[in-house]
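A.B. asks: 3D model of this:
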Amino acid sequence: MKTRLWIAAMVYPMVNAVLFGFAAISILSIPALAAMASTLFLFVVPASFVLALPIAWIIAPRLRARSWQDGRMAQPRLAH
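C.D. replies: Residues are numbered from 1 along each chain as shown. Sure thing, here's the model as predicted:
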């Protein structure tokens, strides 16, 4: 659990930046939304902070796994 928390804490800023960047590009590239950009960014910033938490928590164990497929992590191989 402690390792997952540390990995999630390191992944969190990257996930937050990607979410914010995706939202910022979407807002600025759509003319209807660009007119309201100053208001929308007030919602995008806290939303990206909040949404990045569960996404980073989900990504963290997958970074520890040697390989994973179909949404399931592979079982670790025992050395003989």
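A.B. asks: residues in contact with the nearest residue to I59 once chain neighbours are set aside?
C.D. replies: The shortest distance from I59 to any non-neighbouring residue, by Cβ to Cβ, 6 or more residues apart in numbering, is to V11 (5.4 Å). Any C-beta I mention is one placed from the backbone N, CA and C, and that applies to glycine too. By Cβ atoms under 8 Å, 6 or more residues apart in numbering, the residues touching V11 are A56, I59, A60, L63.
A.B. asks: could you give me the average pLDDT of stretch 34-53?
C.D. replies: Mean pLDDT, computed over stretch 34-53, is 94.
A.B. asks: And for it, what's in contact with it?
C.D. replies: Contacts for stretch 34-53 (Cβ under 8 Å, 6+ apart): Y12, V15, N16, L19, F20, A23, A24, I27, L28, L33.
A.B. asks: Could you pull out the buried residues of it?
C.D. replies: L40, V44, S48, A52 (16 or more other Cβ atoms under 10 Å).
A.B. asks: how far out from the middle of the chain is stretch 43-60?
C.D. replies: 6 Å (Cα atoms, centre = their mean, to the nearest Å).
A.B. asks: cool, stretch 56-63 as well?
C.D. replies: For stretch 56-63, the distance to the chain centre is 9 Å (Cα atoms, centre = their mean).
A.B. asks: Give me the contacts around that stretch.
C.D. replies: R4, L5, I7, A8, A9, V11, Y12, V15, W68, M73.
A.B. asks: Weed out the non-buried ones from those.
C.D. replies: I7, A8, V11, Y12, V15.
A.B. asks: In helices, which of these fall?
C.D. replies: I7, A8, V11, Y12, V15 (DSSP state H).
A.B. asks: neighbours around the residue lying closest to the second one once chain neighbours are set aside, how many?
C.D. replies: By that I understand A8. The spatially closest residue to A8, leaving aside those adjacent along the chain, is A60, at 4.1 Å (Cβ to Cβ, 6+ apart). Neighbour count for A60, taken as other Cβ atoms under 10 Å: 19.
A.B. asks: Could you say which helix or strand holds A60?
C.D. replies: helix 37-64 (DSSP states H and E).
A.B. asks: what about that helix, distance to the chain center?
C.D. replies: 6 Å.
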